[in-house]
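Colleague: Here is my input, please return the structure:
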Amino acid sequence: MTVVHEQDIARYVEQVRAALADLPPQLRDELTEDLPEHLAEVAAEGDGSLVDRLGSPEAYAAELRTAAGAAVPSARPNLDQRLAAARINLRDRIRNADRTLGPLVGYARASEFLALLRPGWWVLRGYLVAVLITGSGGVIPRLGGSVLAGLVVLGAAVIGSIWLGRRSGGFRLWPRRAVHAGAFLLLLIAFVQVVQIDREARWDPYYPEPATYADPSGQISDIFVYDEQGRLVPNARLFDQDGNVIRLGDEWCWDEGTQESVQAVTGRYPHCPGDAPFTFRTDATPTPADATPAPSDATPTPADATPAPSDATPAPSDASPAPAGTPHR
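Modeller: The predicted structure is shown next:
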């Protein structure tokens, strides 16, 4: 029997059980217990689909119902029948998508390609289990800070995952669902782990983790750093003795134009330069100290204060020396 015939038989049985969904579960199981074997015999007898040879699944279910003397359901389907029909519809859509995506990866069905990836998934599942057991936040599992112990746990988890993967195909319904639920949980853990690794990879090494400092007054909202000449220092950073960033204040500013709060650059001071408590000077504005000349080596002496004769003034003759500082006539 081909894979297509097996899938047709499974789908036919599922639709028959959906049409009998209003019956008690025990009676429904009794009516459909030997149905897969019977359909396999019918499929092996000749060509043609099961619908062509046996009728629709709903009609076949009606025959089983009549043979068992069960009541005919009302024209309006109950909740169990609607849920069964929705489940069948969803599986049909998945099968159609499986057939559509298969040629894109070079196979008749995409599930055939995914089946080749099962050994890789078994190894990855073991790794994720080891990460979950050790509680390690890094790439390599560590148990109690020991890499060797973490590797032992990793090896045991991978071997156990491979053992489970080779035997899970023969599990019954509920054990198989438990395996699938565990796989979903592990994939969720893997997603969180990848997000954590990506955040650490993109972290700026110049910008370490911020240190937490208590504000004694509880009222610091911003920090303004001025240099020795009274100028405000923009985009200043504060670090402690260990190189950790010091964060204080509220990193939000009120924009008068938009009348909204705007978030400032994290870790830079001041957050709101427009709220500076002091008017800072620029290079073109002299400070009071600059305006008052202080005594220095450049202070002119009395001799320097007397203007010297210019080049255009005739120098005094040697015969009649003139007083110093007096122009010669």
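Colleague: Just the element for Q241, please.
Modeller: Counting by DSSP states H and E, no helix or strand carries Q241.
Colleague: which residues touch A10?
Modeller: By Cβ atoms under 8 Å, 6 or more residues apart in numbering, A10 lies in contact with P36. Every C-beta, even on glycine, is put in place using the N, C-alpha and C of the backbone.
Colleague: That one and I162, how far apart?
Modeller: 28 Å (Cβ to Cβ, to the nearest Å).
Colleague: which other helices and strands contact the strand or helix carrying E41?
Modeller: Using DSSP H and E, E41 sits within helix 35-45. Under the contact criterion of 3 or more Cβ pairs under 8 Å, 6 or more residues apart in numbering; DSSP states H and E, helix 35-45 touches helix 3-19, helix 50-54.
Colleague: okay, the angle between the very next helix or strand once past the last one and helix 35-45?
Modeller: When you say that, I think you mean helix 50-54. Counting by DSSP H and E, the next helix or strand C-terminal to helix 50-54 is helix 57-68. When axes from the mean of the first three to the mean of the last three Cα atoms, to 10 degrees is applied, the directions of helix 57-68 and helix 35-45 differ by 120 degrees.
Colleague: need the helices for the stretch 101-250 of the chain, in chain order.
Modeller: Using DSSP state H, counting those that start in this stretch, the helices of the stretch 101-250 of the chain run over 110-116, 118-134, 147-167, 173-201.
Colleague: so what are the domain limits for the chain?
Modeller: The record, using automatic domain parsing to delimit domains, assigns the chain the ranges 3-112, 117-201, 207-288.
Colleague: so where is the stretch 201-329 of the chain shaky, pLDDT-wise?
Modeller: 203-218, 279-329 (pLDDT under 70).
Colleague: hmm, try it at 80
Modeller: Residues of the stretch 201-329 of the chain meeting the criterion pLDDT under 80: 201-221, 242-243, 245-252, 254-267, 271, 274-275, 278-329.
Colleague: re the thing from before, so can I have TSV of the helices and strands packed on helix 35-45 showing distance to L31 and mean pLDDT?
Modeller: Formatted as TSV, the helices and strands packed on helix 35-45 follow (distance: least, Cβ to Cβ, whole Å; pLDDT from 0 to 100):
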stretch	distance to L31	mean pLDDT
helix 3-19	8	78
helix 50-54	15	80
